[in-house]
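K.L.:
Have a look; sequence and predicted model below, questions after that.
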Amino acid sequence: KAGVTQTPRYLIKTRGQQVTLSCSPISGHRSVSWYQQTPGQGLQFLFEYFSETQRNKGNFPGRFSGRQFSNSRSEMNVSTLELGDSALYLCASSLGGTVGEKLFFGSGTQLSVL
Amino acid sequence: GESVGLHLPTLSVQEGDNSIINCAYSNSASDYFIWYKQESGKGPQFIIDIRSNMDKRQGQRVTVLLNKTVKHLSLQIAATQPGDSAVYFCAERGGTASKLTFGTGTRLQVTL
C-alpha cells in the first residue's frame, strides 16, 4: 500500500506570494492533518480534515487554509507569504474514526520564502 | 497552556545497549500517547502508541511505559542499532476530540 504522498517536495517562493501544497493520503484513510515543522517551534498543528470537513484547527493566522476533496486528497494554501513561513510542511493521514490516532506522515514539502 | 516536553535534547548510546528516551507531559486529561521517529529528510515514522488506560505496551524491540501519576512517558529501545539514530518525538492527545501535540524531540546518536 502506498504511503502518504506530498507534492511538491521543495518550493521556493518570495514574500507576498501564495502557495498551494498537495497531499494524497494512504488509500482508505479519510482524515488528513497538516503540521508545520521548524527548528525553533517543532511540530505545530495547522488543521485536520475528515470527510471534507475541518474537524480541528490550530493557532495559525487566516493566511493558512486548507481543504479536502471527496477522494480524501487535501491541499493547504498559504497566502501573502512571510519569511517566517519557511518550514517543512507535513501531511499525515489516518483512518479517521478517532481524532489524532495513528497518524502516518508523508515526507513533507520544504518551503523556503525569500 | 498545556505542553509536552522532553528532558534530554541528545542521547548518545553505544550499539547493542538499551536506550531510554523520556517525555514529560502536563495535561492530566491526555488519553492517548504516541512515539515517532524522524530521520533526516523524512517525515515522522510511527513507532508505537499507548492509551491512558494502559501502563505498558511492547512492540518489536520497543516498549512504551506510561506513568500517569507523575505524567511521564518513556520509550525503551532494546539492543540499539545504528539505524535507530534519529530524532524521537512523543506526542499526546488531550482528550478524544483533540489534536496531537508534539514534544520538542530527542536526538538519539548510536555509536559503534
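P.N.:
In hand now; what should we look at?

K.L.:
Distance check, A:Val32 against A:Met76.
P.N.:
According to CB to CB, to the nearest Å, A:Val32 stands 9 Å off from A:Met76. C-betas here are computed from N, CA, C, even on glycine.

K.L.:
Which one of those two is surrounded by more residues?
P.N.:
Comparing A:Val32 with A:Met76 by other CB atoms under 10 Å in any protein chain shown, the one with more neighbours is A:Val32, at 31 against 23.

K.L.:
Check the spacing between that one and A:Ser93 real quick.
P.N.:
Counting by CB to CB - A:Val32 and A:Ser93 are separated by 5 Å.

K.L.:
Spell out which residues are contacts of both of the two.
P.N.:
Applying CB atoms under 8 Å, 6 or more residues apart in numbering or on different chains, one finds that A:Val32 and A:Ser93 are jointly contacted by A:23, A:25, A:72.

K.L.:
So which of those is the closest to A:Gln6?
P.N.:
A:Cys23 (5.3 Å; CB to CB).

K.L.:
Who are the contact partners of the closest one?
P.N.:
Contact analysis of A:Cys23 by CB under 8 Å, 6+ apart lists A:4-6, A:32, A:34, A:73-76, A:91, A:93, A:106.

K.L.:
nearest spatial neighbour of it, skipping sequence neighbours?
P.N.:
Excluding its sequence neighbours, the residue lying closest to A:Cys23 (CB to CB, 6 or more residues apart in numbering or on different chains) is A:Cys91, at 3.5 Å.

K.L.:
For the residue most central in space within chain A, which three-state class applies?
P.N.:
Computing the C-alpha centroid of chain A and ranking residues by CA atoms, centre = their mean puts A:Trp34 first, at 3.2 Å. With DSSP: H, G, I helix; E, B strand; the rest coil as the basis, A:Trp34 sits in strand.

K.L.:
Bridging across strands, which residues link to it?
P.N.:
A:Phe47, A:Cys91 (DSSP bridges).

K.L.:
That one against A:Phe47, yeah?
P.N.:
Yes - between A:Trp34 and A:Phe47 there is a contact under CB atoms under 8 Å: 5.7 Å.

K.L.:
Now do the shared contacts for these two.
P.N.:
Each of A:66, A:76 lies in contact with both A:Trp34 and A:Phe47 under the rule CB under 8 Å, 6+ apart.

K.L.:
got any residues that touch both of A:Val32 and A:Met76?
P.N.:
Going by CB under 8 Å, 6+ apart, residues that sit against A:Val32 and also against A:Met76 are A:23, A:91.
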